[in-house]
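# return atomic coordinates for the entry below.
(chains A and B)
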Amino acid sequence: MLQVNNLFVAYGQSEVLHGLGFTAAQGEILAVMGRNGMGKSTLFKALIGILPARQGSVRLGGTELVGRASHERVHSGLAYVPQGRGIFSMLSVLDNIRTGLKNARDTIPEEIFALFPVLFDMRNRKGGNLSGGQQQQLAIARALAGNPSVLLLDEPTEGIQPSIIKDLARALREIRSMRNLTIVVSEQVLSFALEVADRLLVIEKGNFVEEVARADADAAKLSAYLSV
Amino acid sequence: MEGVGVGEFGSILLMQGFNGLSVFSVLVLMALGLAIIFGQMGVINMAHGEFLTIGAYTTFVLSHLTTTYLPSAQPYYFLVAIIVAFVLGGLVGYAVEYLLIRHLYKRPLDSLLATWGLSLVMQQMFRSTFGAKEVSATLPDWLLGSWQPSGTVDIPLNGLFVMVITLLLTCLVALFMYRSRSGLRMRATTQNRVMAGAVGINTAQVDRMTFALGCGIAGVAGAAFTTIGSTGPTSGSLYIVDAFLTVVFGGAQSLLGTLASAFSIAQANSTLEFFITGSSAKVITLLAIIVILMIRPQGLFSSKVRK
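Residues are numbered from 1 along each chain as shown, chains lettered A, B, ... in the order given. Next comes the predicted model:
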C-alpha cells in the first residue's frame, strides 16, 4: 500500500533522515517509535509533503508522491494528523471536519460522529475551545472525512490524559476494521503502541534500527530504545 | 408654528441620518474587498483603489458605448456594467496575484511597496488612456431625482441605489464566506496555510481566488461610485486610507466588524459634521479611532477563542 524507499530529508545542511524505508500493507497499523529528535515528525512531514525530500521515493498504491504538493498527496489518498493536532481554532467543529471533504458536494460521513460522539455534541463550538483530547478526535475526524487509504498520525497521545489515550487506541482499531485503511502512527508511549499497532518500527538518528511484530515484541528491549 | 418646527427638525434628522447611511455604504463598499484581501490574506494592497477606478471607468466606457450605439438599452446598461466591472476587476486581480503578489507573501513590506508602485503604474495608464480630466457616466433616468415621502424630506435616488447595492453585495459576500465550501477553504487557509494544504486544500489556488474576489468587489464599488461622483485617474486612491481605517478599526478577519466599524465611523462623521465643520468632524473621528485602537489593538470585533 504505502512504500517508502531510501528517503533522505534535510533541514538546510543538516540531514535528518538518512535513506530510510518501510512498507505498510493495507489494513495494517504500524507504529514508529523513537525518542524526541530522532526524526519521527520529520518523517511524517516529508510523507505529507510539508518538507521536501532530498532523495528517495514515497509510493501510494503505485503513485509516486515525492515532488507533489501536500494537497495533491491528500487527493491521492493520504491523510495527516500533525503533532499538536493543527485544528483550525477559529472554525466550528463542523467546519473543521468539512475542510477535510474533498469535493464541494460531499457531506460529513455519519460514521464519524458514531466514532466520536463528543464531536456531535460540540458541533457548533469553535475548535479552539475544545479540550486537548477532543481536539485530537477532531483532527482525526477531519482526516477521515476525505476517506483516505493511509492515515498518518504524529504523536496522537501527546498532552492527553491517560483515560482518553485508552479510548483513542480503541477508536483507531475500530477505524481500521471499519475502513480497512492503513494507519502509520508515531509514538513515544510504549503501552499505547503495543495496544494499537500490528508492527512496530524503532527510529533512531534518522534510520530504522528495529522492526518487530507485536506478538514478538519485547517490552523491555523496546523501552530501552525510548528511555532517555 | 410649533408643529411645523418639530416636523422640520424631524426631517433634518432623517435626512442627516440618511446622509450618514450613504457615507456608511460608501465605506462598506470600499472596505469589503479590502477586508477580504487584507483581513484574510494579510496582504496590504495599496493598489486596491485602482481596482475601484477600473470599475468606474468600465461603467463610463459602457455608458459611452450604449449612448452611442444602442440608446434604447440606456436604462439598463448600468446593471450590466456592475457585472462587467466585477469580472474585469477580478480578472486583473487574478493576473496581479499570479504575476506579482504570490512571490511576495513572505515579504509583507515588499508587497506594500510593490502594490504602491503598481497603483502608480495603473494611475498613469488611466491617465494615458482616458486623459487627466474627470469623466462621468451618463446615468439612466431612473437613478436621477429624489424620493420625497413628505414635503420637507428629500432623499436622493442615487444614494438609495448605492445603499441597495451595498446591502446586496454584503449579503452575497457573507453567504459566500460562511455558507459555501470555497469560503470555508478561504477561512481555513487564512488560519493555517500549511495545515490547510495538508487537509487537501489547494492553497495557491485559494489565494488567487481570494485576491480576485476582493478586486472584483472593488470593481463593483467603482461602478456604484459613478452614481455619486465623477471618475478621474486618482479617484480610487483617495479612498484607500479610509478603507484601511475601516478594516483595521473593525478588526481584520471579521466581516461583521467591518460593517460595525463603517457604520460607527460614518455616523460619527456625519452627525459631528452637522454641529461643527467637516474637517473638525474628521479630526475628532480619527482621534477617537486612535484612542479606541490603543485600548483594543485587535479592532472592534475579534473572535474569542482559547489561545
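# can you show me the helices along the stretch 101-250 of chain B?
B:108-130, B:157-179, B:181-191, B:193-198, B:203-225, B:240-250 (DSSP state H, counting those that start in this stretch).
# and the spatially most central residue of chain A, what's its pLDDT?
For chain A, the residue nearest the mean C-alpha position is A:Leu153 (1.4 Å; Cα atoms, centre = their mean). We note a pLDDT of 95 for A:Leu153 in this prediction.
# what sits closest to residue 209 if chain neighbours are left out?
I went with chain A, as the question did not name one. Once flanking residues are discounted, A:Val209 sits nearest to A:Val202: 5.4 Å by Cβ to Cβ, 6 or more residues apart in numbering or on different chains. Quick note: C-beta positions are derived from backbone N, CA and C, even for glycine.
# wrong one, chain B
That would be B:Ser182: by Cβ to Cβ, 6+ apart, it lies 6.8 Å from B:Met209.
# cool, A:Leu144 as well?
Nearest non-adjacent residue to A:Leu144, counting by Cβ to Cβ, 6+ apart: A:Ile112, 6.0 Å away.
# what's around the one you found, how many residues?
As a burial measure, A:Ile112 scores 19 neighbours (other Cβ atoms under 10 Å in any protein chain shown).
# now B:Gly229
The burial count for B:Gly229: 14, using other Cβ under 10 Å.
# next: B:Lys106.
7.
# kindly report the same for B:Val121.
Counted with other Cβ under 10 Å, B:Val121 comes out at 12.
# what separates it from chain A, distance-wise?
32 Å (Cβ to the nearest Cβ, to the nearest Å).
# quick check: the gap between that residue and B:Leu109.
19 Å (Cβ to Cβ, to the nearest Å).
# re the thing from before, show me the beta-bridge partners of the residue nearest to the centre of chain A.
Assessed by DSSP bridges, A:Leu153 has beta-bridge partners A:Val81, A:Val185.
# so it is in contact with A:Val185, correct?
Yes - with contact defined as Cβ atoms under 8 Å, A:Leu153 reaches A:Val185; the gap is 4.2 Å.
# give me the common contacts of those two.
A:Leu172 (Cβ atoms under 8 Å, 6 or more residues apart in numbering or on different chains).
# residues in contact with the residue nearest to the centre of chain A?
A:81, A:140, A:172, A:183-186 are the contacts of A:Leu153 under Cβ under 8 Å, 6+ apart.
# rerun at 10 Å
A:29, A:31-32, A:44, A:79-83, A:136, A:139-140, A:143, A:168, A:172, A:183-187, A:196 (Cβ atoms under 10 Å, 6 or more residues apart in numbering or on different chains).
# off-centre distance for stretch A:209-228?
Centroid separation for stretch A:209-228 versus its chain: 20 Å, with Cα atoms, centre = their mean, to the nearest Å.
# contact partners of that stretch?
A:22, A:29-31, A:33-36, A:38, A:187-191, A:193-204.
# and if we set it to 8 Å?
Against stretch A:209-228 from outside (Cβ under 8 Å, 6+ apart): A:22, A:33-35, A:188, A:190, A:194, A:197-204.
# whichever of the residues you listed end up buried, select them in ChimeraX.
Of those, the buried ones can be selected in ChimeraX as follows, counting by 16 or more other Cβ atoms under 10 Å in any protein chain shown:
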select /A:22,33,34,188,190,194,197,198,199,200,201,202,203
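# just the contacts of stretch A:209-228: which are in strands?
Cross-referencing the contacts of stretch A:209-228 against strands under DSSP state E gives A:22, A:33, A:199-204.
# need the residues you listed in JSON lines (columns: pLDDT).
Formatted as JSON lines, the ones in strands among the contacts of stretch A:209-228 follow (pLDDT from 0 to 100):
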{"residue": "A:Phe22", "pLDDT": "95"}
{"residue": "A:Met33", "pLDDT": "94"}
{"residue": "A:Arg199", "pLDDT": "95"}
{"residue": "A:Leu200", "pLDDT": "95"}
{"residue": "A:Leu201", "pLDDT": "95"}
{"residue": "A:Val202", "pLDDT": "94"}
{"residue": "A:Ile203", "pLDDT": "94"}
{"residue": "A:Glu204", "pLDDT": "92"}
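# adding distance to B:Ala56 as columns, could you present the residues you listed in TSV?
Below are these laid out as TSV (distance: Cβ to Cβ, whole Å):
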residue	distance to B:Ala56
A:Phe22	61
A:Met33	64
A:Arg199	66
A:Leu200	67
A:Leu201	64
A:Val202	67
A:Ile203	61
A:Glu204	66
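# I figured the residue nearest to B:Met209 hits A:Ala104, correct?
Yes - here B:Ser182 reaches A:Ala104: they are 7.4 Å apart, a contact under Cβ under 8 Å.
# more crowded one of those two?
Taking other Cβ under 10 Å, B:Ser182 and A:Ala104 do not tie; B:Ser182 has more neighbours (15 against 11).
# tell me who's in contact with the more buried one.
Applying Cβ under 8 Å, 6+ apart, the residues contacting B:Ser182 are A:104, B:176, B:206, B:209.
# what's the spacing between B:Phe78 and A:His18?
67 Å.
# what are the phi and psi angles of B:Ser235?
phi -50, psi -50 (degrees, to the nearest 10).
# tell me how many other residues surround the nearest residue to it once chain neighbours are set aside.
Closest residue in space to B:Ser235, ignoring its immediate chain neighbours: B:Thr53 at 5.4 Å, by Cβ to Cβ, 6+ apart. Using other Cβ under 10 Å, B:Thr53 is surrounded by 30 other residues.
# cool, and B:Leu143?
17.
# does it really touch B:Phe161, like I thought?
Yes - applying Cβ under 8 Å, one finds B:Leu143 in contact with B:Phe161, separated by 5.8 Å.
# how far away is B:Pro75 from A:Ala46?
From B:Pro75 to A:Ala46 the distance is 62 Å (Cβ to Cβ).
# compare the two (neighbour count), which wins?
The neighbour comparison of B:Pro75 against A:Ala46 (other Cβ under 10 Å) goes to A:Ala46, with 26 against 13.
# show me the helices in chain A, by range?
Residue ranges of the helices in chain A, as given by DSSP state H, are A:40-48, A:70-75, A:93-98, A:110-115, A:117-121, A:132-145, A:162-179, A:190-196, A:219-226.
# using CSV, please lay out those together with distance to B:Ser230.
As requested, the helices of chain A are exported to CSV (distance: least, Cβ to Cβ, whole Å):
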stretch, distance to B:Ser230
helix A:40-48, 54
helix A:70-75, 46
helix A:93-98, 44
helix A:110-115, 57
helix A:117-121, 56
helix A:132-145, 51
helix A:162-179, 63
helix A:190-196, 70
helix A:219-226, 74
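# which bits of chain A sit near chain B?
A:48-50, A:69-71, A:74-75, A:79-80, A:82, A:86, A:88-91, A:95, A:98-102, A:104, A:126, A:128-129, A:142-143, A:146 (Cβ under 8 Å from any Cβ of the partner chain).
# where does pLDDT dip in chain B?
For chain B, the stretches flagged by pLDDT under 70 are B:1-5, B:252, B:303-307.
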